[in-house]
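Student: Any chance you can model this:
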Amino acid sequence: MASVFGREFALEEIHRLLPDRREDRLLELPEQVQRCKLLVALGEAQCKAGDVPKAMATFQRAADLARSLGLPQDLAQAALGFEEAT
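Tutor: Prediction:
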């Protein structure tokens, strides 16, 4: 029962902070945040493997997603990864 109340509170807080987004988009938000983090990790792995063009493209995708989600730390990580790959 507590998890239901926690989820409802979280959704209310998201609506308060992001009132212009649709609810179905908000429900996808945690998955998109995780996807952004995975893209940064993938870019790092590609860079270490020596696949610089793929790493740069992956970091760009991560940066675009981080920017659209308002994730400054992930945006910074993607930008640093991109810079290190060049």
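Student: tell me which residues of the helix or strand encompassing Ala63 are tucked away?
Tutor: For Ala63, the element it lies in under DSSP states H and E is helix 52-69. Judged by neighbour count using 16 or more other Cβ atoms under 10 Å, the buried positions of helix 52-69 are 54-56, 58-63, 65-66. (Glycine included, C-beta is placed from N, CA and C.)
Student: same thing with stretch 67-83?
Tutor: Going by neighbour count (16+ other Cβ under 10 Å), the buried part of stretch 67-83 is 71, 74-75, 77-79, 81-82.
Student: do the same with stretch 35-44
Tutor: 36-37, 39-40, 42-44.
Student: elements contacting the top helix by length along the chain?
Tutor: As assigned by DSSP state H, the longest helix anywhere in the chain is helix 23-48. In this structure, helix 23-48 packs against helix 2-17, helix 52-69, helix 72-85, with contacts taken as 3 or more Cβ pairs under 8 Å, 6 or more residues apart in numbering; DSSP states H and E.
Student: Among these, show the one with the smallest mean pLDDT.
Tutor: Ranked by mean pLDDT, those end with helix 2-17 at the bottom, a mean of 60.
Student: And the contacts of stretch 34-53?
Tutor: The contact list for stretch 34-53, computed with Cβ atoms under 8 Å, 6 or more residues apart in numbering, reads 54-56, 58-59, 61-62, 65-66, 69, 71, 74, 77-78, 81-82, 84-86.
Student: between the helix holding Ala63 and helix 23-48, what angle do the directions make?
Tutor: Here helix 52-69 runs at an angle of 150 degrees relative to helix 23-48 (axes from the mean of the first three to the mean of the last three Cα atoms, to 10 degrees).
Student: Give me the local confidence score for the nearest residue in space to Arg61 that is not next to it in sequence.
Tutor: In this structure, Arg61 finds its nearest non-sequential neighbour in Leu39, 5.5 Å apart by Cβ to Cβ, 6 or more residues apart in numbering. Leu39 is assigned 96 on the pLDDT scale.
Student: Please report how far Leu39 lies from Gln60.
Tutor: Applying Cβ to Cβ, to the nearest Å, the value for Leu39 to Gln60 is 9 Å.
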